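Peer 1: task: produce atomic coordinates for the following.
(one chain, ligands or ions: 2)
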Amino acid sequence: MQDGNGLDHLAGERAMAQFDLQAMKVYLAGGQREYEISTKMAQLVANDPVFSKEDRVRLARKDLYKNSLRKAGHAWKTILEKGLSEVEGLKLRHFVDEPTYTDLHWGMFIPAIKGQGTEEQQHKWLPLAYKMAIIGCYAQTELGHGSNVQGLETTATFDPTTDEFIMHSPTVTSTKWWPGGLGKASTHALVYARLITDKKDHGIHAFIAPIRSLEDHTPLPNVTVGDIGVKFGNGGYNTMDNGFLRFDHVRIPRENMLMRLATVTKDGKYVRSNKPRQLGYGAMVFVRQGIVIDASIYLSRAVTIAVRYSAVRRQFGNKDEPGELQVIQYRTQQSRLFPLLATAYAYRAVGFWMKSLYADVMKRLNDNDFSTLPEVHACTAGLKSITTSVTADGIEECRKLCGGHGFLCASGLPELYAAYVPACTYEGDNTILLLQVARFLLKTLSQVSKVRPVGTAAYLGNIKQLSTQNCKVSQGHDWLNTSVLLEAFEARSARQAAAVALRLAKGSGSEAEFQENTPELVESARAHCQLILVSKFIEQLQTGTPEGIRKQLEVLCYTYAFSQLIDNAGDFLATGYVTGNQIALAKEELKHMFDKIRPNAVALVDAFDHTDDYLGSALGRYDGDVYTHLYKGAFKESLNDTVVVDGYEEYLKPVLTQNLWAPHSKL
Ligand SMILES: CCCCCCCCCCCCCC(=O)SCCNC(=O)CCNC(=O)[C@H](O)C(C)(C)COP(=O)(O)OP(=O)(O)OC[C@H]1O[C@@H](n2cnc3c(N)ncnc32)[C@H](O)[C@@H]1OP(=O)(O)O
Ligand SMILES: Cc1cc2nc3c(=O)[nH]c(=O)nc-3n(C[C@H](O)[C@H](O)[C@H](O)COP(=O)(O)OP(=O)(O)OC[C@H]3O[C@@H](n4cnc5c(N)ncnc54)[C@H](O)[C@@H]3O)c2cc1C
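Peer 2: Ligands and ions are numbered 1, 2, ... in the order given. This is a model prediction of the structure:
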C-alpha cells in the first residue's frame, strides 16, 4: 500500500510533460477571464462544507432531494451575498455539480421567455425570474408524447368572455411528465399546449401557468402535481424532481400566452407573425448547443479519472523492466483511453465554435434573417446527438478501464454515468435528432443545383467531385495532412448521403420507403456530424492557438480524426473512397500518436483543471494516492458502522447455529 503522506504519486508522470500546462488550462477554459472565474468558483464550492458531495450515493431519495434543495438555496444565497455576476453564478452552480431545478429555471424557462415572449411579457416575467421570486420549469413532454411535439394533447382554450385561457389535460396521456423542477420546486411552468380559439386548433404554443401558491407552495386549485419517481442509479439524476402535472380546467390570463410568434386578441382573433414557427423551438436549440461543451466536461472528468488511475495501477510485468507495469503502458489500454482523451478535447474546441454559431444565428434572427436557421437546427441537433452518445459510452468505457475499482461508487464513475446518461434522451432522443439531420441533408441535396449549400453543408456543393475522386494516400505520413483527412470525411459523408438520397429519389416518395431507409439515413447523418466535429476541431486549431500547446493539440486532433476513421472504417470502405491498405496506414499513424500522447497523458488531463472535490473520485485524485483513499473510504461505509452487522441475530445466527443437514444435501 502507498503511504498516503501527501506525496504526489504522479510527479514522475507530470515531469514528462512537453507542453505549457498553464496555457492549455487557459485554452480549455475558453480564455484568461473564464479561467480565472472557473478557478475562483471551483475553490469557493470546494471550500464550502454545505456543498460537500460526501455520502451522496448513500442517501435515501427524500434526504438526497432535501439536501439538493439546501445546496441550491445556499448557492443562491452565496451568489447574492458575494454579488456574483451572471457568469460567475452559472459557474458556481456548475461546480456544485448536482442536477437541480435551477438548471431548468435558468437554462430553459428564462431562455424560452426571452425567445418567445413579447417585450412587454419579458418586462413582466424576467425580473421576477432573475430574482427567483418565481421558479420556472419547461413543461413540454407528456406521458404519451415526447419526441412528437406536434402530437401534444394538453389544451389551452380561449374564453373571450373572461379574457382567459382554460388549461386542461383531457387524457392520462396528456399529463405533463418528465419536466425537471416541476415535481416539487417550481411555482410556474412554461406549458406547451394546443391553442384553441373558437373551436379551431392552432397547434402548439407556449403558456406560462402558475402552478403553486407563492404564499405556501401548495398546488393551486385544480392543479395536480408531483414527482414521477426514482430514476436510474444511485444519486445521479435523482437530485432532480422530474415531475407530473395535470390541469383540470385551470384558468390563466390571456397575457400568459407567449405572443412573440403568434397573438390572440381580446376578441379571440388568432394572428400569426411572419416569423417561422420553428422559433418556438428556440429554447431547445439553445440548450442543444450548450450540451456540446457539457459533453466535453463530463467526458473529461471520466478521462481524468481513468488516465490518472491507469498511471497509478500496475499489473504484470516483463523481463526488461523491474516490478509491475503501469497499465497505461499497455497498448490496448492506450487504444481505448487516448481516443477518449482526444474526444474530450475535440468537443471542447467544437463547443467553442457552437457558441459562436449560436451567437451568429441569434444576431441574424434579431435582424429578421432566418436563412441559416435550418443549418443551425441540423447542426445543434446532430452534434447534441453524437456528443452525448459518445460521452455516455465513454464514461462507461472509462469505468471498465479502471477494472474492478471502477465499479465502486468511490471511483466517482457510476454516479457520473447515472447523472449523464439521460442526456442521450432529454433535449431530443438521439435517433430522432439524427433523423432531423438526415432530412436536412436530403433537402440540401435535392436543391443543390439551384441553391448553393452554406456553412457546415457547403461541401455538398462539391458533390460531383467528392463522388468521383479517391483518396491519394500511399504512405502513412500522407495522412498527416489536414486537407487529406478533411477530404476523406467529406467524401464519405457526401457519398453516404447521396446513396440514400438516390435510393429514395428512385422510389415513390412514400413515407413507408422513407421509414425503410431510416437506418441508412441515420448513418449518413452521423457521417455528416463526424465531419463537422473533425473539421471544426481542425479549424479551431488553425486559428490563433498559442505556440506552447499547438503541437499537443495537433497530436490530439490527429488522434481524434484517425480513431474516427478507423472506428467507422466499414463506412469509409463501403463508399469506395479509401482502400483497406489506406485504413491500415491510418492505424499505424494512430499508434504513433499514442506514443506522442503517452508522456503527456497525465498533464493533458491536469489541464482540464478539475479539483478533487469536483471529481469526487478516489481513483482520479490529483496526488494519485489511490489505495490509501479507497481503504479509508471503506470505513465510511454504513455497513461498517458496527463490527457485527445489524441483522446478525435475526438472520445470520439461525443459519449458522441450526447445525442440521439441509434435506436436499447429498453429503
Ligand atoms: C446552456 C445549456 C447547458 C446544458 C445544460 C443542460 C441542462 C438541461 C437539463 C435537461 C433538460 C431537458 C429538457 C428537455 O428535455 S425539454 C424537451 C425536449 N424535447 C425534445 O427535444 C423533443 C424533440 N422533438 C422535436 O424537437 C421536434 O418535435 C422534432 C424536431 C422531432 C419534429 O418537429 P415537428 O414535428 O414540429 O417538425 P417537422 O419534423 O415536421 O419539421 C418541421 C420543420 O421544422 C424544422 N425544425 C424542427 N425543429 C427545429 C428547431 N429546433 N429549430 C429550427 N427548426 C426546426 C424542421 O427541420 C422542419 O423544417 P423543414 O424541413 O420544414 O424546412
Ligand atoms: C432526465 C430527463 C429529464 C427531462 N427533462 C425534461 C424537461 O425538463 N422538460 C420536458 O418537457 N421534457 C423533459 N424530458 C423528456 C425528454 O425530452 C423526452 O423523454 C425526449 O424528448 C424523448 O422523448 P420520448 O420520451 O417521448 O421518447 P420516444 O419518442 O417515445 O422514444 C422511444 C424510442 O422510440 C424511438 N422513436 C420514436 N419516434 C421515432 C421515429 N419517428 N422514428 C424512429 N424511431 C423513433 C426513439 O428513437 C426511442 O428509441 C426529460 C427526460 C429525461 C429522461
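
Peer 1: residue contacts, the closest residue to Met593 other than its chain neighbours?
Peer 2: The shortest distance from Met593 to any non-neighbouring residue, by Cβ to Cβ, 6 or more residues apart in numbering, is to Thr559 (4.4 Å). Every residue, glycine included, has its C-beta placed from N, CA and C. Going by Cβ atoms under 8 Å, 6 or more residues apart in numbering, Thr559 touches 338-339, 341-342, 590, 593-594, 597.

Peer 1: His249 too?
Peer 2: For His249, the contact set (Cβ under 8 Å, 6+ apart) comprises 166-168, 222.

Peer 1: those residues in strands, which ones?
Peer 2: Counting by DSSP state E, the contacts of His249 place 166-168 in strands.

Peer 1: for those residues, which one is nearest ligand 1?
Peer 2: Ligand 1 lies nearest to Met167 out of the ones in strands among the contacts of His249, by Cβ to the nearest ligand atom, at 18.5 Å.

Peer 1: pLDDT at the nearest residue to the closest one once chain neighbours are set aside, what is it?
Peer 2: Sequence neighbours aside, Phe247 is the residue nearest to Met167 in space, at 4.1 Å (criterion: Cβ to Cβ, 6+ apart). Looking at Phe247, its pLDDT reads 98.

Peer 1: between the two ends of stretch 191-211, what distance do you get?
Peer 2: Taking Cα to Cα, to the nearest Å, the first and last residues of stretch 191-211 lie 10 Å apart.

Peer 1: got it, and stretch 112-131?
Peer 2: End residues of stretch 112-131 are separated by 17 Å (Cα to Cα).

Peer 1: switch to numbering from 46
Peer 2: Shifting the count to begin at 46 puts that one at stretch 157-176.

Peer 1: how about Leu235, secondary structure?
Peer 2: strand (DSSP: H, G, I helix; E, B strand; the rest coil).

Peer 1: pretty sure it contacts Ile179?
Peer 2: No - applying Cβ atoms under 8 Å, one finds Leu235 not in contact with Ile179, separated by 11.1 Å.

Peer 1: name the residue in these two with the higher neighbour count.
Peer 2: Shown here are Leu235 and Ile179; by other Cβ atoms under 10 Å, Leu235 has more neighbours (28 against 19).

Peer 1: domain ranges for this protein?
Peer 2: With domains defined by automatic domain parsing, the chain comprises 155-318, 327-497+524-651.

Peer 1: which ones are touching the residue of the stretch 246-395 of the chain found nearest ligand 1?
Peer 2: Closest to ligand 1 within the stretch 246-395 of the chain is Gly335: 2.5 Å, counting by Cβ to the nearest ligand atom. Residues in contact with Gly335 (Cβ under 8 Å, 6+ apart) are 152, 399.

Peer 1: and stretch 633-643, average pLDDT?
Peer 2: pLDDT averaged over stretch 633-643 gives 98.

Peer 1: mind listing what's buried along it?
Peer 2: Across stretch 633-643, burial judged by 16 or more other Cβ atoms under 10 Å covers 634-635, 637-639, 641-643.

Peer 1: those residues of this structure touching ligand 2, which are they?
Peer 2: By the rule Cβ under 6 Å from any ligand atom, the part of the chain lying against ligand 2 is 149, 183-186, 191-192, 223-225, 282, 287, 467, 470-471, 473-474, 476-477.

Peer 1: rerun that using 8 Å as the cut-off
Peer 2: Taking Cβ under 8 Å from any ligand atom as the contact definition, the chain meets ligand 2 at 144, 149, 153, 182-186, 190-193, 221-227, 237, 276, 282, 285, 287, 467, 470-477, 480, 560, 563.

Peer 1: now, of those, which are buried?
Peer 2: 144, 149, 153, 182-186, 190-191, 221-227, 237, 282, 285, 287, 467, 471-473, 475, 480.

Peer 1: restricted to helices, list those residues.
Peer 2: 149, 475, 480 (DSSP state H).

Peer 1: residue ranges for the strands of the stretch 146-295 of the chain, please.
Peer 2: For the stretch 146-295 of the chain, the strands defined by DSSP state E, counting those that start in this stretch cover 181-184, 200-204, 209-213, 221-222, 233-242, 245-255, 268-272, 288-292, 295-298.

Peer 1: now the ones you listed in CSV, with distance to ligand 1?
Peer 2: Converted to CSV, the strands of the stretch 146-295 of the chain look like this (distance: least, Cβ to the nearest ligand atom, whole Å):
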stretch, distance to ligand 1
strand 181-184, 5
strand 200-204, 18
strand 209-213, 18
strand 221-222, 11
strand 233-242, 9
strand 245-255, 8
strand 268-272, 16
strand 288-292, 12
strand 295-298, 21
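
Peer 1: ok, the contacts of Thr604 vs Tyr110, which is closest?
Peer 2: Leu386 (34.8 Å; Cβ to Cβ).

Peer 1: any idea which helix or strand carries the spatially closest residue to that closest one that is not a sequence neighbour?
Peer 2: Nearest non-adjacent residue to Leu386, counting by Cβ to Cβ, 6+ apart: Val348, 5.0 Å away. Secondary structure assignment for Val348, by DSSP states H and E: helix 327-357.
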